[in-house]
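J.: With the input below, show me the fold.
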Amino acid sequence: MILFLVFVPLLALLAPVLAVILVQKNKKHKAEIDALTVSNIALSNQLSESQEKLAQAIRERSEREEKAAPMTLP
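T.: Below you'll find the model as predicted:
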């Protein structure tokens, strides 16, 4: 019973401190998530550009191969 009488007021005193610590960590994590979101968007744009360039290069090579194929046939 004495343990309970000590433990409950101790928790009541520590709760606001713990709440402040959790709010600060939450803000820090939110800032990190925002930074990662921006980075993710930039990387997605780079990937899209690379895929478009690769698709264009494949189309150009296919066109060149189609043009070259009739010339090599007897």
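
J.: how near is the residue nearest the centre of the chain to Ala15?
T.: Centroid-nearest residue in the chain: Asn40, 4.5 Å away (criterion: C-alpha atoms, centre = their mean). Distance of Asn40 to Ala15, given as C-beta to C-beta, to the nearest Å: 36 Å. Yep, even glycine has a C-beta here, placed from its N, CA and C like the rest.

J.: in the protein, which spans are helices?
T.: Taking DSSP state H, the helices of the chain run over residues 2-72.

J.: Can you give me the pLDDT of the residue nearest to the centre of the chain?
T.: Here, the pLDDT recorded for Asn40 equals 98.

J.: Against Asp34, how distant is it?
T.: From Asn40 to Asp34 the distance is 11 Å (C-beta to C-beta).

J.: Please apply the same query to Ala12.
T.: To Asp34, Ala12 is 34 Å away according to C-beta to C-beta.

J.: and if you look at Lys53?
T.: Taking C-beta to C-beta, one finds Lys53 at 29 Å from Asp34.

J.: For burial, what's the neighbour tally of Ile58?
T.: Here the count is done by other C-beta atoms under 10 Å, and Ile58 has 10 residues near it.

J.: Correction: the previous question concerned Arg64.
T.: By other C-beta under 10 Å, the residues close to Arg64 number 10.

J.: Next: Gln24.
T.: Neighbours of Gln24 using other C-beta under 10 Å come to 10.
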